[in-house]
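Student: Build the 3D model from these lines:
(4 chains)
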Amino acid sequence: MQAFLVTEAVLQPEPLRQLVSDPGHGAIVLFEGVARNNFGGRATAYLEYEAYPEMAEQQLVLLARQAQVQFGIGKVAIHHRVGVLQIGETAVLIAIGSAHRGAAFAAVAWLMDQIKVVVPIWKCEHWTDGSQEWVGQR
Amino acid sequence: MQAFLVTEAVLQPEPLRQLVSDPGHGAIVLFEGVARNNFGGRATAYLEYEAYPEMAEQQLVLLARQAQVQFGIGKVAIHHRVGVLQIGETAVLIAIGSAHRGAAFAAVAWLMDQIKVVVPIWKCEHWTDGSQEWVGQR
Amino acid sequence: MIISIRLFAGLREALNQSSLNLDVAETATVGTALAQLAELHPKLPLTGLAYAINRQYVTLEATLQPNDELALIPPVSGG
Amino acid sequence: MIISIRLFAGLREALNQSSLNLDVAETATVGTALAQLAELHPKLPLTGLAYAINRQYVTLEATLQPNDELALIPPVSGG
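Tutor: Reported below is the predicted structural model:
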């Protein structure tokens, strides 16, 4: 299993959890960003994600290395799904192993913020009224 | 599966994840506190946890309710293991579902801090030199 | 009246038992019950504890009722 | 010289294609290539973009080499 992956396949937490586990780690944090049934209160039918996959994977690797230096965490793995996602399906999965939990909590929040700024992946909301919209683009 | 449980059985992330999932949630955070191979640099052979289980489960419920009010998170589930744990095994598992990730990150950090103050569970370090010590008690 | 006392971790190991019954006065508080316990078991380390009656945290001043479960809670270290 | 341009999300939908080749001057920068593209496809929404050459973020002033892959990156919204 690759630690950093952009994939059309359903994301699986357990293999990522195993990738980041280590006898020196006292904390494992798993974060899942999940397709929600609304955005700003407007009803979502389903989501569609598109990526520049080669660059997105590179960016995820860079962010993880930066987080390791900045927060002193241990192993990191990040998978992002692309294609059509039904409500409740996982879009992004971050796993962090760390000696101490504080660093892992700080790092996972920072990683998610960064992913939403620098990783070339785009979300299209397909609303229940049949219209669609690339988030952040008008 | 009970949402709040003190148990001798190996903790399983997936059922807890399912307990907290909801179509209105955009974020799921899973935290695992794991038996580490050292404590303050001293080598640990294995851990032993003891609980006042009836009260510990009550306290976990109270903390979860408080976190829901304080942080606006959605569903919460917390399991804590007792008995002998080998290095790498999970001692505590917290699952949080939330509309937004920021609330979930804040709540999981707060919950772990609180667990270490008010939930009647005790950890005994069994060192590799054969001696043992109840953490926090001399 | 009889109350039961729950012991954990180092306290349990010190007495090699996880609970015991204590016959206390009708007016007993957590504090007076502890003093009685200390007299019975002088080596029991009773400093730095928290207390719970029937699974609720209480102070030393809390009064006891017949059949109450008084738990002596050393510094916790879960997680 | 020929460079390839990658299009995503709204840009991809606007042209109904995910990449195209562009014949640019040897001295071309991201900015001059974009100006050329805007002339070819006046309806393409080219505001608010970031740019990458061969998967590295660059500015409008970056110079292009033959066979470079220039990606036009609308505001991202992963996660």
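Student: Pick out the residue in chain C sitting closest to chain B.
Tutor: For chain C, the residue closest to chain B is residue C:78, as judged by C-beta to the nearest C-beta, at 3.1 Å. No exception for glycine: its C-beta is placed from N, CA and C like everyone else's.
Student: which residue packs closest to that residue, ignoring adjacent ones?
Tutor: Using C-beta to C-beta, 6 or more residues apart in numbering or on different chains and skipping the chain neighbours, the partner closest in space to residue C:78 is residue B:121 (3.1 Å).
Student: what's near enough to touch that neighbour?
Tutor: By C-beta atoms under 8 Å, 6 or more residues apart in numbering or on different chains, the contact list for residue B:121 reads B:6, B:49-52, B:56, B:80, B:82, B:115, C:76-79.
Student: Repeat the analysis, applying 6 Å as the threshold.
Tutor: By C-beta atoms under 6 Å, 6 or more residues apart in numbering or on different chains, the residues touching residue B:121 are B:51, B:56, B:80, C:76, C:78.
Student: what does residue A:26 give?
Tutor: Counting by C-beta under 6 Å, 6+ apart, residue A:26 has contacts A:99, B:34, B:36.
Student: And the second one, how close does it get to residue D:4?
Tutor: Applying C-beta to C-beta, to the nearest Å, one obtains 47 Å for the distance of residue B:34 from residue D:4.
Student: Looking at these two, which is more packed in?
Tutor: Neighbours of residue B:34 and residue D:4, each counted by other C-beta atoms under 10 Å in any protein chain shown, are more numerous for residue B:34; the result is 25 against 13.
Student: so what's that one bridging to?
Tutor: Under DSSP bridges, the beta-bridge partners of residue B:34 are residue B:90.
Student: Just the pLDDT at it, thanks.
Tutor: We have a pLDDT of 97 for residue B:34.
Student: Same check on the one 3 residues further on?
Tutor: pLDDT for residue B:37: 95.
Student: what's the nearest residue to it if we skip its chain neighbours?
Tutor: residue A:23 (4.2 Å).
Student: Residue B:89 is in contact with the one you found, correct?
Tutor: No: using C-beta atoms under 6 Å, residue A:23 is not in contact with residue B:89, being 10.8 Å away.
Student: The worst-scoring helix or strand of chain A on mean pLDDT packs against which elements?
Tutor: Least confident helix or strand, chain A: strand A:38-39 with a mean of 92, by mean pLDDT, DSSP states H and E. Using 3 or more C-beta pairs under 6 Å, 6 or more residues apart in numbering or on different chains; DSSP states H and E, no helix or strand is in contact with strand A:38-39.
Student: Paired strands for that strand, with orientation please.
Tutor: Partners of strand A:38-39 in its sheet, by DSSP bridges: strand A:42-51 (antiparallel).
Student: Which residue ranges of chain C form helices?
Tutor: Here chain C has its helices, by DSSP state H, at C:9-15, C:30-40.
Student: Find out how far the shortest one is from the centre of the chain, if you would.
Tutor: It refers to helix C:9-15. 12 Å (C-alpha atoms, centre = their mean, to the nearest Å).
Student: Check stretch C:27-39 too.
Tutor: For stretch C:27-39, the distance to the chain centre is 8 Å (C-alpha atoms, centre = their mean).
Student: wait, residue C:30 sits on residue C:62?
Tutor: Yes: in this structure residue C:30 lies within contact range of residue C:62 using C-beta under 6 Å: 5.1 Å.
Student: Settle it for me: which of those two has more neighbours?
Tutor: residue C:30 (22 against 17).
Student: OK, contacts around the most centrally placed residue in chain A?
Tutor: In chain A, the C-alpha nearest the mean C-alpha coordinate belongs to residue A:92, at 2.8 Å (C-alpha atoms, centre = their mean). Neighbouring residues of residue A:92 by C-beta under 6 Å, 6+ apart: A:33, A:80, D:79.
Student: possible to save the helices of chain C as CSV with distance to chain B and mean pLDDT?
Tutor: Below are those laid out as CSV (distance: least, C-beta to the nearest C-beta, whole Å; pLDDT from 0 to 100):
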stretch, distance to chain B, mean pLDDT
helix C:9-15, 4, 96
helix C:30-40, 15, 97
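Student: hey, what's the spatially most central residue of chain C bridged with?
Tutor: For chain C, the residue nearest the mean C-alpha position is residue C:72 (4.2 Å; C-alpha atoms, centre = their mean). Beta-bridge pairing of residue C:72, defined through DSSP bridges, involves residue C:51.
Student: Model confidence at it, what's the number?
Tutor: For residue C:72, the predicted pLDDT is 98.
Student: Pull the number of nearby residues for whichever residue of chain C sits closest to chain A.
Tutor: The minimum distance from chain C to chain A, using C-beta to the nearest C-beta, falls at residue C:79 (8.4 Å). Residue C:79: 23 surrounding residues under other C-beta under 10 Å.
Student: Please determine how far it is located from residue B:122.
Tutor: 11 Å.
Student: what's near enough to touch the residue nearest to residue A:58 when sequence neighbours are not counted?
Tutor: Nearest residue to residue A:58 in three dimensions, chain neighbours excluded: residue D:55, at 5.6 Å (C-beta to C-beta, 6+ apart). Contacts for residue D:55 (C-beta under 6 Å, 6+ apart) come out as A:54-55, A:58.
Student: and those residues, which are buried?
Tutor: Buried subset of those (neighbour count, 16 or more other C-beta atoms under 10 Å in any protein chain shown): A:55, A:58.
Student: Sort out which of the contacts of residue D:55 are in helices and list them.
Tutor: The helices, defined by DSSP H, take in A:54-55, A:58 from those.
Student: Number of residues surrounding the nearest residue to residue A:1 once chain neighbours are set aside?
Tutor: Of all residues not flanking residue A:1 in the chain, residue A:15 sits nearest, at 4.5 Å (C-beta to C-beta, 6+ apart). Around residue A:15 there are 14 other residues, counting by other C-beta under 10 Å.
Student: quick one: secondary structure of residue A:15?
Tutor: Secondary structure assignment for residue A:15 (DSSP: H, G, I helix; E, B strand; the rest coil): helix.
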